[in-house]
Every structure is written in structure tokens, then in C-alpha cells.
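**Student:** the following block contains a protein sequence and its predicted model.
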Amino acid sequence: MVNGTRKRLELVTALSTNSMGEAERLGSMVVGVLALQGDFAEHAAAVRRVGANVLEVRTAEQLSRVDGLIIPGGESTTIARLMIAYGLREPIVERARAGLPIWGTCAGAILLAEEIVTLDRPGLRLVPMTVERNAFGRQIDSFEADLSPGVLGGGALHAIFIRAPRIRSVADGVEVLLRLGPEMEHEPVAVQWRSLMATTFHPELTEDTRLHERFIAMCEAYAAEASRSALAAAGGSG
Ligand code: GLN
């Protein structure tokens, strides 16, 4: 009870600090949410709660204006098909290669993987890891778990898994941010590779904003670097 109240107070304090202090600090930085299918609205709401601007991305022109991109949960087969139909697959790959932070959750994590077991069309092939779709089996195809927070700090992180993929292997250099417990052999459920982050669960469905904060900090660093290079380029030519 006391703990619960304290936790809520901390969250309220964190949220109000963010929505006032950070809105200004984040300035014109824009976090894109790929809005073709799936729970993009929940991600957009979570980004706003942390105090950053959001743009729903459905076109290559919109993609060109963002400082980061979230690929939401949903149906990876559908999102993969629509990314091609909307002419977004190549532009996303290009921007990712140029350092744009991208975070895929659940179906989004599947699409980021270099190797996907049981996906009948190409994903983005950006993160050197192998994932298997719908791999938890019928008994626990949807479940919740409290994860040890690792690098995120603070208390346990409550994670919701919905017909989640499993990360079967990651290449050297891929950082594992979060894992399931010993009963699941500490299997990775959140990883980062350079500016790309993948989580097999749904942080946008809980009030915990730690992962959104982490991603927004990555977008902020990217935006700052991009405007420094733009200034340098303008200075160089003038
Ligand atoms: N099972 C879905 C897929 O394979 C992912 C589920 C989700 O995003 N919650 O695409």
C-alpha cells in the first residue's frame, strides 16, 4: 500500500517534471510512430506523456521529418505488407542506416530482425538477431511478467506479452537490456543494437514510461547531432 502510493507519487512527479521541463528542452524534436496497423495510438499517447512531440507516419515525406521512429505491435505480416505498399520499407532502411533511432515493439521487433523464423515476406533486416514469431506456444501465448530492470534502474518492470515473438539468438555487440527470469532461462526480451531497440513485449500498454524515456533520449541525441551537422554545413558554405 505504502509502496504503491510512493510509486504512484514518483510517477506523477516524473510525469509532471517531464511534461513541463522537457517539452521545452525537447523543442521541435519529433518522434514518429509508424501508423499503418497495430497499437500506434497507445505508443503516441505514451510519447506525449513523456512530453515529446509525435507524428503518425504513413508516408515517406512524414518519415523524412522525424528524429526517431517507433514500429508498434500488431501483425507483422500486415505491417510488412503495408510498409511495401506505402513505399516506406526502403526509406526506413535508409534512415536506419544513417543512424535514425528506431524502436520496434512485438511485431515491430519482428520486423527489425535480420532473421525471422516464419515470416513469409521480407522485414527490415536491421538488427543482427534471430526471432521466432508466436513462439511461446499455446499455453502461455499471452502472459505478464515482472522483469528485473537492469540498465533502466528503479523497480521491477511489468511487461505484457501478447502472442509475442521469442529472441532466439543475438550477434556479438547486441546489448541485452532486459531478460525474463530463471524459469525462462533469462531469455532476452529487450535488446539494443546501435540506435535500434527491440522489445518483444508492450511497454505502451502500461503506465511505466522508462523505455519510452530511454528511446526519447536517443531521439533527442540524434536530433541534436543532426542540427549540429546542419549548422556546420551551413557555416562551411557561408
Ligand atoms: N504475433 C504477432 C506477429 O507475429 C505479434 C503480436 C503483437 O505485436 N502483439 O506479428
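**Tutor:** Cool, the structure landed.

**Student:** residue contacts, residue 169?
**Tutor:** 129, 130 (CB atoms under 8 Å, 6 or more residues apart in numbering). C-beta here means a position set from N, CA and C on the backbone, and glycine is covered the same way.

**Student:** swap in residue 172?
**Tutor:** Counting by CB under 8 Å, 6+ apart, there are no residues that residue 172 touches.

**Student:** that one in helix, strand or coil?
**Tutor:** Classification of residue 172 using DSSP: H, G, I helix; E, B strand; the rest coil returns coil.

**Student:** mind checking how far it is from the ligand?
**Tutor:** 26 Å (CB to the nearest ligand atom, to the nearest Å).

**Student:** all strands for this structure, in order.
**Tutor:** 30-34, 53-57, 69-71, 102-105, 113-117, 127-132, 142-147, 157-162, 166-170, 175-179, 188-193, 196-199 (DSSP state E).

**Student:** the ligand is nearest to which of those strands?
**Tutor:** strand 157-162 (3.9 Å; CB to the nearest ligand atom).

**Student:** is there contact, residue-wise, from the closest one to the ligand?
**Tutor:** Yes: counting by CB under 6 Å from any ligand atom, the ligand has neighbours in strand 157-162: residue 162.

**Student:** for the residue nearest the centre of the chain, name its beta-bridge partners.
**Tutor:** Closest residue to the average C-alpha location of the chain: residue 103 at 2.6 Å, with CA atoms, centre = their mean. For residue 103, the beta-bridge partners are residue 70, residue 197 (DSSP bridges).

**Student:** what's the spacing between the nearest residue to residue 84 once chain neighbours are set aside and residue 152?
**Tutor:** Sequence neighbours aside, residue 121 is the residue nearest to residue 84 in space, at 7.6 Å (criterion: CB to CB, 6 or more residues apart in numbering). From residue 121 over to residue 152 the distance is 33 Å, taken as CB to CB, to the nearest Å.

**Student:** so between these two, which is more surrounded?
**Tutor:** Legend: neighbour count by other CB atoms under 10 Å for residue 121 and residue 152, higher for residue 152 (17 against 12).
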